[in-house]
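Colleague: give me the fold of what follows.
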Amino acid sequence: MTFELFKRVALKEDLPEYNMRRGDVATIVEHHPAVDEDGYSLEVFNALGETIAVITVAESQIEPLRSNEVLQVRLLEEAV
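Modeller: Coordinates of the predicted model:
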């Protein structure tokens, strides 16, 4: 599945190296086509709309948002 640029997606798994958790929402800012599995650069925002990270993930690590899902706020823990 190819995701459109600037669409919001959810992470399908925890990404401790980025201090991100499954279900965190991010915006696709770049598509990286590949032979094996495409990748995407995502911009992650805090609750105030400020950029907190730009990360690169494999397509299998993200999923589209669905109409029966609710966004939730969590505290961003300091990276260990």
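
Colleague: Thr56: neighbour count?
Modeller: 12 (other C-beta atoms under 10 Å). Where you see a C-beta, it was placed from the backbone N, CA and C, and this is true even at glycine.

Colleague: run through the bridge partners of it.
Modeller: Ser41 (DSSP bridges).

Colleague: that one against Asp38, yeah?
Modeller: No. Applying C-beta atoms under 8 Å, one finds Thr56 not in contact with Asp38, separated by 11.1 Å.

Colleague: so what's in contact with these two at the same time?
Modeller: Contact criterion C-beta atoms under 8 Å, 6 or more residues apart in numbering; residues shared by Thr56 and Asp38: His32.

Colleague: the residue lying farthest from the centre of the chain: which element?
Modeller: Distance to the chain centre peaks in the chain at Val35, reaching 21.5 Å (criterion: C-alpha atoms, centre = their mean). Using DSSP states H and E, Val35 sits in no helix or strand.

Colleague: try Leu71
Modeller: Using DSSP H and E, no helix or strand contains Leu71.

Colleague: find the centremost residue of the chain, please.
Modeller: In the chain, the centroid-proximal residue (C-alpha atoms, centre = their mean) is Ala26; its distance is 3.8 Å.
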